[in-house]
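Undergrad: Sequence first, then the predicted structure, then my questions.
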Amino acid sequence: MFEQNVEEEMGMNKDEQGVTLVVDVNQFLEKEKQSDILSVLKPAVDNPNDIIPECADRYYDALAKAKKQKSESVSTEGSWLKFTMREKYDYYYNIDAKEGSWVAPESYLPKESWLMGKEIEDIIEEVTTDYIREKMWSATEDMLLRFQATSSGPLLRKEFEARKSFLYEQEEHVVKIQSNEIVKIQSLLRANKARDDYKTLVGSENPPLTVIRKFVHLLDQSDLDFQEELEVARLREEVVTKIRGNQQLEKDLNLMDIKIGLLVKNRITLETNPLYLAKLIFQMPQNKSTKFMDTVIFTLYNYASNQREEYLLLKLFQTALEEEIKSKVDQVQDIVTGNPTVIKMVVSFNRGARGQNTLRQLLAPVLKETIDDKALIINTSPVEVYKAWVNQLETQTGEASKLPYDVTTEQALTYPEVRNKLEASTENLRRVTDKVLNSIISSLDLLPYGLRYIAKVLKNSIHEKFPDATEDELLKIVGNLLYYRYMNPAIVAPDGFDIIDMTAGGQVNSDQRRNLGSVAKVLQHAASNKLFEGENEHLSSMNSYLSETYQKFRKYFKEACDVPEPEEKFNMDKYTDVVTVSKPVIYISIEEIISTHSLLLEHQDAIAPEKNDLLNELLELLGEVPNVESFLGEGAVDPNDPDKVNTLNQLAKTEISLFLTSKYDLGDGEAIDGQSLMIKTKKLIIDVIRNQPGSTLMDILETPATTKQEIDHAADMVSRAIIDSRTPEDANHSQSMAEDAQLPLEQKKRKIQRNLRTLEQTGHVSSKNKYQDILNEIAKDIRNQRIHRKLRKAELAKLQQTLNALNKKAAFFEEQINYYDTYIKTCLDNLKRKNTRRSIKLDGKGEPKGAKRAKPVRYTAAKLHEKGVLLDIDDLQTNQFKNVTFDIISTEDVGIFDVRSKFLGVEMEKVQLNIQDLLQMQYEGVAVMKMFDKVKVNVNLLIYLLNKKFYGK
């Protein structure tokens, strides 16, 4: 009994000790003072050795962090703490009243933000254990004894001894690992040194020769470089050829589309100097300039199939736009109200001439969703809504409506049916417009850089010419380019701009087209900050919406102009001949060369008025405009060929590839410009410094080369000659450079010295800074060789992507043409079936045999008047209509009907009706037409009658 009482007393003391620990620690933490944390912890733990003085800060930080985390999850709390005494009794302690109770208080609300005993003990143990593990390996004997005295000490000491024993056993292996690590460290140090040297090459304004020499090998052209350049050239040629082919297919398709017309609706509802070309564009009539830019100009720049050509084409756009604004724009609004040639070029190019249809990414999802919404109806024209309502009534009943056919907007709005339809349309319009607007505004990064840059040029050029123009006026002009000219047509006709995929024979129907057109109209008004007024007064309830949308557009247009200059974007100033394996190539047809030559001669005075202009010199050397035979050579065409003209026209379309070579790339002994000499000298220096070391360029040039250096240099030149031999002759560099490469090392050094003296006279280099200028140029070439290779890989991927897109587009065009061929034939076959009561069937099955010519359908004017087809006959009373007859006859020509009439016994001249003309009138909202210059008929009901009597519809 005594022992039990002692144990209970000890248990009670321990429980009381736990209460004290919880209260003291939490109250101490709430004071946020850590100086005497040890005085709080030591008395409250069973083993005072568990509290290590060196860990005072760690204890405080760990406990404070745990309490903060616990407090953050508590919203309301009381002042009661609950403890378990002797592992079975609940004890309640109020921290405010400092009173305890063995019975749960009536208003018990726990103090949940405080750390409890177990949480505090676990934190202390974790901190102590971590500290011992950390210090065990470096601890003194006295410290180890202190660690041993803690509650977790014996276990940690055992763990320490086991680890030490394991390491002793692994000593042999550790030595080997250390040896390998030393090698790795040495390699790492070398890599770090190389990285530091490269940073010097890239970041230093004047990198030293010793650093340049370490990286000069990067200028070597490898087999991979050569193969990639050839692949780029091949893909460029294929892309340009495919673009031309697709353009021809699209023209063929458009012609077929015109042929089908409303019948289908009724059935299924100079490359591097842009100034010359810029001036030439403005010298031609607009109808000719359009064809010129679509063929010759885009061809000259290979449809911007790489960064160099995209940069040059963009500089042409910039120069031409600045020239047009300077010479042709008299008022700010001229850009908006006119049809600037350059703007047309920019928009045409950026709509996807290369198959990279950014508009598709921008608009396809939201437009497809709009088109697929079969229940969506948007028509905001009161007159159209009224006419559609009347047409629907008459078409469904086959009886003439008693409503008037021609009404004004105000009259149409008097009908509740019209107002209800307009209100529903307006709600739908806001909803869909918001979706399209959000798609546009959230995708600014998708806008082509070239388009954004031209928007910037447009804004700056207009502001320069009209400095008093407000920011709003300038941004409206930007909006006219970006939204109205670039995006708006694609929203109205997404099928015509390759925005959405259409199956062969598929078509956006008239309701879908009107929905899209309505959205485009609202966005157009918003982009130009134009409210609905005048004839659009009935939509004035949307004016506040237009103003809100304009503010969003305004921010979008302003941000769109925030782009870098092309030199920075394309890094063009950093490329030199050193990093190019092959020369630029143009793929162009013979007739385009002849056409360009003719235009240049025709407008020579305007393009190059100065006699000493280089263009005049070139044109004089070229002489007269060549003909097709001069390109193909004698005998290419038989002079006795009766169809010689057509043969030559076909041969004129032959495409040839032209490697661009500077006319002024001259050899030794001829006048040479400083830049060309700079390039040649750089090549010579590179050959020398890679084989002969030295601290400065002059040290190397003045120190004789050793025999070994000459041998190494000769071997390098042999390797280069092998690579050059694989390069097409037209793509190789000049003959003089090739000859320089074969010189011995000492002769190269003497030539370098001569060239440097010449370059110093022209101001390109200076001996005062030890010719650092030319070394800086070499360092720039090394840096940009890496950039060039990176861009070339990106270009390869882009060209392949473009080619895939073009192939898909070509396949679609061919499929569409085949479908149209079949469709036209089927339509013609179906329409030739006479006296049948069948609608047109696409599959053409069930062709009746021995079909006879349809008999005339005869009606009196009275009967047609009764049906509502005939409305009135000039100068004839209604009671006389029974004396007028009409014979309607289906002709051999599909969709053509002869109408013969007798007026009071007098036969009138024959009138011919074309079903497509009638459909066109119906589509345009023409309700009434005249026949025989005196008979007024209802167009809708006439079509209904023809369909019913002749096509069984």
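TA: Good, I have the coordinates.
Undergrad: would you list every one of the helices in the stretch 701-850 of the chain?
TA: Ranges of helices within the stretch 701-850 of the chain are 707-725, 735-741, 745-761, 772-831, based on DSSP state H, counting those that start in this stretch.
Undergrad: now those as CSV including mean pLDDT?
TA: Compiled in CSV, those are given as follows (pLDDT from 0 to 100):
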stretch, mean pLDDT
helix 707-725, 82
helix 735-741, 71
helix 745-761, 88
helix 772-831, 73
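Undergrad: right, and the ones you listed - which one's nearest Asn646?
TA: Ranking those by proximity to Asn646 (C-beta to C-beta) places helix 772-831 first, at 23.2 Å. (C-beta placed from N, C-alpha, C; glycine too.)
Undergrad: if we can go back for a sec, please identify which of the helices of the stretch 701-850 of the chain is closest to Ser598.
TA: Closest among these, using C-beta to C-beta: helix 772-831, at 30.2 Å.
Undergrad: Quick check: which helices or strands does that closest one pack against?
TA: helix 171-203, helix 209-215, helix 223-268, helix 674-689 (3 or more C-beta pairs under 8 Å, 6 or more residues apart in numbering; DSSP states H and E).
Undergrad: List the buried residues of stretch 145-159.
TA: 146-147, 150, 152-153, 156 (16 or more other C-beta atoms under 10 Å).
Undergrad: now these in TSV, with pLDDT?
TA: As requested, the buried residues of stretch 145-159 are exported to TSV (pLDDT from 0 to 100):
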residue	pLDDT
Arg146	74
Phe147	73
Thr150	77
Ser152	70
Gly153	70
Leu156	72
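Undergrad: What about those, which are in strands?
TA: Judged by DSSP state E, strands contain none of those.
Undergrad: could you dump those to TSV with distance to Gln920?
TA: Output for those, formatted as TSV (distance: C-beta to C-beta, whole Å):
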residue	distance to Gln920
Arg146	104
Phe147	100
Thr150	100
Ser152	96
Gly153	101
Leu156	96
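Undergrad: Please name whichever of the helices of the stretch 701-850 of the chain is nearest to Val329.
TA: helix 772-831 (34.6 Å).
Undergrad: Give me the next element, helix or strand, following the closest one.
TA: strand 857-860 (DSSP states H and E).
Undergrad: just checking, what packs against that next one?
TA: Short answer (3+ C-beta pairs under 8 Å, 6+ apart): strand 857-860 packs on strand 884-890.
Undergrad: now the strand it packs on and helix 772-831, what's the angle there?
TA: 120 degrees (axes from the mean of the first three to the mean of the last three C-alpha atoms, to 10 degrees).
Undergrad: and whatever helix or strand comes next after strand 884-890, which strands flank it?
TA: Proceeding N to C from strand 884-890, the next assigned helix or strand is strand 896-903, under DSSP H and E. Here strand 896-903 is paired, per DSSP bridges, with strand 884-890 (antiparallel), strand 906-907 (antiparallel), strand 911-914 (antiparallel).
Undergrad: mind showing which ranges of the stretch 801-950 of the chain have poor pLDDT?
TA: In the predicted model, the stretch 801-950 of the chain carries pLDDT under 70 at residues 812, 816, 819-854, 923-924.
Undergrad: Quick one: neighbours of the nearest residue to Ile689 once chain neighbours are set aside, just the number.
TA: Take Ile689 and drop its neighbours on the chain: the residue closest to it by C-beta to C-beta, 6 or more residues apart in numbering is Arg213, 5.1 Å away. Look at Arg213: counted by other C-beta atoms under 10 Å, it has 19 neighbours.
Undergrad: Distance-wise, check Arg213 relative to Leu41.
TA: Computed as C-beta to C-beta, to the nearest Å, the Arg213 to Leu41 distance reads 66 Å.
Undergrad: Equivalent analysis for Glu237, please.
TA: From Glu237 over to Leu41 (counting by C-beta to C-beta), the distance is 82 Å.
Undergrad: More neighbours: which of the two?
TA: Under the neighbour definition other C-beta under 10 Å, Glu237 and Leu41 were set side by side, and Leu41 has more, 23 against 16.
Undergrad: just checking, what packs against the helix or strand where that one lies?
TA: Secondary structure assignment for Leu41, by DSSP H and E: helix 37-41. Secondary-structure packing of helix 37-41 (3+ C-beta pairs under 8 Å, 6+ apart): helix 2-31, helix 56-72.
Undergrad: send the alpha carbons of that helix over as CSV?
TA: Extracted in CSV, the C-alpha atoms of helix 37-41 (Å, rounded to 0.1, in the frame of the first residue of the first chain):
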residue,chain,number,x,y,z
ILE,A,37,14.3,30.2,-22.0
LEU,A,38,16.6,27.8,-20.2
SER,A,39,15.3,28.9,-16.8
VAL,A,40,11.8,27.9,-17.9
LEU,A,41,12.7,24.6,-19.5
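Undergrad: just how off-centre is that helix within its chain?
TA: Its chain's average C-alpha position is 65 Å from that of helix 37-41, according to C-alpha atoms, centre = their mean, to the nearest Å.
Undergrad: Just the residues contacting it, thanks.
TA: 21, 24-25, 28, 51, 53, 56, 59-60, 63, 124 (C-beta atoms under 8 Å, 6 or more residues apart in numbering).
Undergrad: Check which residues of stretch 463-483 are buried.
TA: Per 16+ other C-beta under 10 Å, stretch 463-483 contains these buried residues: 463, 466, 469, 473-483.
Undergrad: what two of these are the furthest from one another?
TA: Phe466 and Tyr483 (21.3 Å).
Undergrad: for the stretch 451-600 of the chain, what spans make up the strands?
TA: For the stretch 451-600 of the chain, the strands defined by DSSP state E, counting those that start in this stretch cover 585-589.
Undergrad: the helices in it, which residues?
TA: Counting by DSSP H, counting those that start in this stretch, the helices of the stretch 451-600 of the chain are 471-479, 488-492, 510-527, 543-560, 566-570, 590-602.
Undergrad: ok, now the stretch 251-400 of the chain?
TA: So, for the stretch 251-400 of the chain - with DSSP H, counting those that start in this stretch - the helices run 274-283, 286-292, 298-300, 307-328, 334-337, 341-350, 358-372, 382-397.
Undergrad: and the contacts of helix 37-41, which are buried?
TA: 21, 24-25, 28, 51, 56, 59-60, 63, 124.
Undergrad: so can I have a markdown table of those showing pLDDT?
TA: As requested, those are exported to a markdown table (pLDDT from 0 to 100):
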| residue | pLDDT |
| --- | --- |
| Leu21 | 80 |
| Asp24 | 82 |
| Val25 | 83 |
| Phe28 | 83 |
| Ile51 | 82 |
| Ala56 | 83 |
| Tyr59 | 84 |
| Tyr60 | 86 |
| Leu63 | 87 |
| Ile124 | 83 |
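Undergrad: picking up where we left off before, and the residue nearest to Ile689, what does it touch?
TA: Counted by C-beta under 8 Å, 6+ apart, Arg213 has contacts 689-690, 693.
Undergrad: Against Ile441, how distant is it?
TA: For Arg213, the distance to Ile441 - C-beta to C-beta - is 53 Å.
Undergrad: same question, Val939
TA: Val939 is 43 Å from Ile441, by C-beta to C-beta.
Undergrad: Which one's more surrounded, those two?
TA: Neighbour totals were compared for Val939 and Ile441, and Val939 leads with 22 against 14 (other C-beta under 10 Å).
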